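> Take a look and give me a structure for this.
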Amino acid sequence: WIDTKTLQAMDATPVGQRPRFAAFSADGTRLWASSEIGGTVSVIDVASRKVIETIDFAVKGIAADRIQPVGIQFSKDGRHAFVALGPSDRVAVVDTATFKVESYILVGRRVWQLALNAAGTRLFTTNGVSGDVTVIDAGTFKPIRTVKVGRFPWGAAARPMVNAKAPDGRAAGATP
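Modelled structure (predicted):
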């Protein structure tokens, strides 16, 4: 934990092996930190800087060492956290109130990072080894399409299109 005024380290919260990504909940009260080698996500209470929950993942038919959490993205309503699970080729859907995994979504090979569109209706995954992005319906947790993008995509970002129309004439960012 770094004091942003003094730029000095003021505390540390131990999490699993090889922390890779951290994301604050929308209200700023929780920090979710992925541990790639540890295979877990630690949920930390920001006020106390203590781990309040450690989320483990188990995908049927996938060896534990292939479940390597990296990117984390929260649904627009904050009810779910999506966690990229690396070489398991899955995204976990976690209930943010109970910290229970609700489902696993099969995506491309070695999913690293995630991004939501501005409306919160589409989740994009970067699948490094397969060189593609999987587009997921964020409400139903179902993959919609996979798009080839080139070698080793690692990060994703989405922004609303400004003053533009989609090819079918809808306002930019509108979804059917």
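> Secondary structure element for the residue lying closest to residue 147 once chain neighbours are set aside, which one?
Closest residue in space to residue 147, ignoring its immediate chain neighbours: residue 133 at 5.0 Å, by CB to CB, 6 or more residues apart in numbering. Any C-beta I mention is one placed from the backbone N, CA and C, and that applies to glycine too. Assessed by DSSP states H and E, residue 133 sits inside strand 132-137.
> Residue 44 too?
Going by DSSP H and E, residue 44 is part of strand 40-45.
> Partner strands of the helix or strand following that strand, with direction?
Sequence-wise, the next helix or strand downstream of strand 40-45 (DSSP H and E) is strand 50-56. Paired strands of strand 50-56, with direction, are strand 40-45 (antiparallel) (DSSP bridges).
> what comes up buried for the partner strand?
Of all the residues in strand 40-45, those buried under the rule 16 or more other CB atoms under 10 Å are 40, 41, 42, 43, 44.
> just to revisit the earlier point, quick one: contacts of the strand holding residue 133?
91, 105, 107-108, 111, 121-127, 142-149, 153, 156 (CB atoms under 8 Å, 6 or more residues apart in numbering).
> let's see 6 Å
With contacts defined as CB atoms under 6 Å, 6 or more residues apart in numbering, strand 132-137 is touched by 105, 107-108, 122-126, 143-149.
> what distance separates the following helix or strand past it from the middle of the whole chain?
For strand 132-137, the following helix or strand on the C-terminal side (DSSP H and E) is strand 142-148. Computed by CA atoms, centre = their mean, to the nearest Å, the chain-centroid distance of strand 142-148 equals 16 Å.
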